[in-house]
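Peer 1: What follows is a protein structure lacking sequence information:
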């Protein structure tokens, strides 16, 4: 599964204009990656409250862009943050951190593919 479903994003935006999609993805990358950093920081601090807040923000951002897998992972962590043992939560958070690398790759690919200079 692609980290970001471009056809779903086109549906969400109501356009398949590549310049619009590129602009939205660039803004999304700028706002999403700090949210993932906040998740990483909450994990390092072993702070469930901060983790819940950070995951909630990341979930909303992922949902807006059609990042289904990330939305699912965030939703699961958010639902279980108070009840699941820390080591299990940490494993799920690692999925987000791994996914972040994939989303950076997609962002670079989108910039390359849809750059007006190509």
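Peer 2: Yes, it's here. Every value quoted in this text rests on a predicted model; they were computed, and no experiment measured them.
Peer 1: Mean pLDDT per helix and strand in the protein: which one sits at the bottom?
Peer 2: The helix or strand of the chain with the poorest confidence is helix 86-114; it has a mean of 69 (mean pLDDT, DSSP states H and E).
Peer 1: could you say what helices and strands whichever strand or helix holds residue 39 packs with?
Peer 2: Taking DSSP states H and E as the definition, residue 39 sits inside helix 18-45. Applying 3 or more Cβ pairs under 8 Å, 6 or more residues apart in numbering; DSSP states H and E, one finds that helix 18-45 makes contact with helix 6-13, helix 48-65, helix 86-114. (Each C-beta comes from the backbone N, C-alpha and C, glycine too.)
Peer 1: Can you give me the distance of the spatially most central residue of the chain to residue 5?
Peer 2: With distances taken as Cα atoms, centre = their mean, residue 62 lies nearest the centre of the chain, 4.4 Å away. Separation of residue 62 from residue 5 (Cβ to Cβ, to the nearest Å) stands at 11 Å.
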